[in-house]
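>>> got a sequence here, can you model it:
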Amino acid sequence: MQQQLVGLAPVFDAGARLLVLGSFPGAASLQAAQYYAHPRNAFWPVMAALTGEPGLPALAYADRLATLKHHHIALWDAVAACHREGSLDTAIQAAVPSDVAALVAQLPALRAIACNGALAYRQTVAALGEVGLPVLQLPSTSPAHAGLSQADKIEAWRTALAPYLSACL
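Below is the predicted model:
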């Protein structure tokens with residue numbers, strides 16, 4: 001049997017107003033111990049557009065995380081551990097959900113949860129049920145989700161999160 005893979009720790013502070021949940025880190029992210037480390041993943045360009053920080057993708061990783069915190073954005077994954085060959089969500093087996101409810105309880109200012117892709121959304125809804133917060137399914141920023149251009153992903157995220165972004169900027 002494959003070795004169980006364990007995800008990354010959440011990135012947040014108590015003032016977070018938006019929680020972005022991915023599914024589970026890809027191989028490049030696990031190897032680098034960094035969220036969204038694959039160079040073709042559109043996550044950091046999307047965050048740059050949403051925060052008005054165009055230089056965000058070029059910053060050192062610690063500075064990217066600090067910038068998200070500055071804009072009241074928390075980051076984690078819906079799956080805490082799993083078995084998987086490669087990086088595709090469709091290959092995830094024996095998923096152990098993250099304790100998103102416990103994280104949400106630590107974020108009194110939270111206004112919305114943004115799920116980066118379908119698996120993150122399904123896992124989050126299954127784990128949380130009714131939390132009294134909007135849980136939004138957004139297009140995956142993964143390079144495997146090639147049906148949308150980076151510009152289209154940015155526009156979709158901007159449109160869906162518009163009611164919540166003013167609280168984060």
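
>>> pretty sure residue 53 contacts residue 66?
No - assessed by C-beta atoms under 8 Å, residue 53 is found out of contact with residue 66, at 10.9 Å. All C-beta spots, glycine's among them, are computed from the backbone N, C-alpha and C.

>>> more neighbours, these two?
residue 53 (18 against 13; other C-beta atoms under 10 Å).

>>> the more buried one and residue 64, how far apart?
Distance from residue 53 to residue 64, counting by C-beta to C-beta, to the nearest Å: 9 Å.

>>> shared neighbours of the two, which are they?
Common contact partners of residue 53 and residue 64 (C-beta atoms under 8 Å, 6 or more residues apart in numbering): residue 47.

>>> may I see the buried residues of stretch 34-50?
34-38, 41-50 (16 or more other C-beta atoms under 10 Å).

>>> ok, residue 30 - contacts?
5, 7, 8.

>>> so who does the last one touch?
This means residue 8. For residue 8, counting by C-beta under 8 Å, 6+ apart, the contacting residues are 25, 29, 30, 33, 34, 35, 76, 77.

>>> just the element for the third one, please.
Which is residue 30. Element membership for residue 30, per DSSP states H and E: helix 27-32.

>>> let's test this: mean pLDDT of that helix, rounded?
In this model, helix 27-32 has a mean pLDDT of 92.

>>> can you point out the buried residues in that helix?
Result for helix 27-32 [16+ other C-beta under 10 Å]: buried residues 29, 30.

>>> toward the C-terminus, what is the element adjacent to that helix?
Downstream of helix 27-32 (by DSSP H and E), the next one is helix 43-51.

>>> which residues sit against that next one?
With C-beta under 8 Å, 6+ apart, helix 43-51 has contacts from 22, 35-36, 53-57, 64, 67-68, 71, 73, 116, 141, 150, 153-154, 157-158, 161, 165, 168-169.

>>> can you tell me which of those end up in helices?
Using DSSP state H, the members of the contacts of helix 43-51 that fall within helices are 64, 67, 68, 150, 153, 154, 157, 158, 161, 165.
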